[in-house]
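Asker: turn this into a model:
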Amino acid sequence: MTYSDAQTSYVRRFARSLLGKPDISIPDVPARTAQTIASDLAAIPETDWWKYAFSREPMNGCFTDGQRREMYGQAVECGQRKADEFKQKYGPVKPEEIARTMGIDVCFPHMPQGRSRILFAEFKEPDTICVYQDGIDKGRTLLAEEGVRQAMGEDTDLSQLLIAHELFHVCELRDPSIWTKTYSINLWKIGRFVNRSPVMVLSEIAAMAFASRLNNVNFSAYVLDAFLVFGYSPLAGSALYEEMMQGAGRKPSRPDGKQ
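Answerer: Okay, here's the model as predicted:
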């Protein structure tokens, strides 16, 4: 296994879209600063996150890059379209207020109970969104560091981004006709028999796009994967940062912040 393979394997175990699974075998990567991670990742345009997003898809090896790009774009469009519908319906209010208007209980426990992993937020069917305060507190501490909030935007609200992400999953539960729930691909066809399958990662891609759009931020919510993990482990966050930068075709900054 190459260093790159080992690093990617570790990162995938540690973080899978807004949640982390701590692992003691941290790859030997140089730790960056929160400012470097925030600045570099926030600068990646929405269209360049497809490779990182699909690296979390169990069937990723079944697709070509062209298919990944196309599905990624459709999922982003789905999430952004739903966010625009919410803006028109509810006006300029916070996702938390929208959730409560929809009959969703939003709670802020310190940490998840009985879990062996770091978890930032989750939707508990049928009507509860939990945002775990420990991760938010760590993230807010990072936001207070020099240059970080400027990189991510003065109005960035970590808890509202997480709530919005989970709110999209509420929409999926309540509306089975939404694109992420109806889209499927042909895995194989023999005569009249066709095996179709959903693509699980499309739900996460759409939820990320929904969260960014509803919160009016100028970066992909995927940035939070590395940023919030960094609050627990700068080395793990830095390893994830490297994977994201490489996936977007960009050269990671050196530990001193220079390219």
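Asker: show me the shaky parts of the stretch 151-259 of the chain.
Answerer: Applying pLDDT under 70 to the stretch 151-259 of the chain picks out residues 188-189, 194-195, 257-259.
Asker: quick one, helices of it?
Answerer: Remark: helices assigned in the stretch 151-259 of the chain by DSSP state H, counting those that start in this stretch are 158-174, 179-182, 201-214, 223-232, 234-247.
Asker: could you dump these to CSV with mean neighbour count and distance to Asp137?
Answerer: For every residue, glycine as well, the C-beta is placed using N, CA and C. Formatted as CSV, the helices of the stretch 151-259 of the chain follow (neighbours: other CB atoms under 10 Å; distance: least, CB to CB, whole Å):
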stretch, mean neighbour count, distance to Asp137
helix 158-174, 23, 10
helix 179-182, 17, 31
helix 201-214, 26, 20
helix 223-232, 25, 8
helix 234-247, 23, 16
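Asker: and of those helices, who's closest to Gly135?
Answerer: helix 223-232 (5.4 Å; CB to CB).
Asker: chain center to the lengthiest helix in the chain, what's the gap?
Answerer: For the chain, the helix with the greatest residue count under DSSP state H is helix 65-90. From the chain centre to the centre of helix 65-90 is a distance of 14 Å (CA atoms, centre = their mean, to the nearest Å).
Asker: next secondary structure after it?
Answerer: Counting by DSSP states H and E, the element after helix 65-90 in chain order, helix or strand, is helix 95-101.
Asker: picking that back up, I'd like the helices of the stretch 151-259 of the chain as CSV, with distance to Gln150 appended.
Answerer: Formatted as CSV, those follow (distance: least, CB to CB, whole Å):
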stretch, distance to Gln150
helix 158-174, 16
helix 179-182, 34
helix 201-214, 18
helix 223-232, 14
helix 234-247, 18
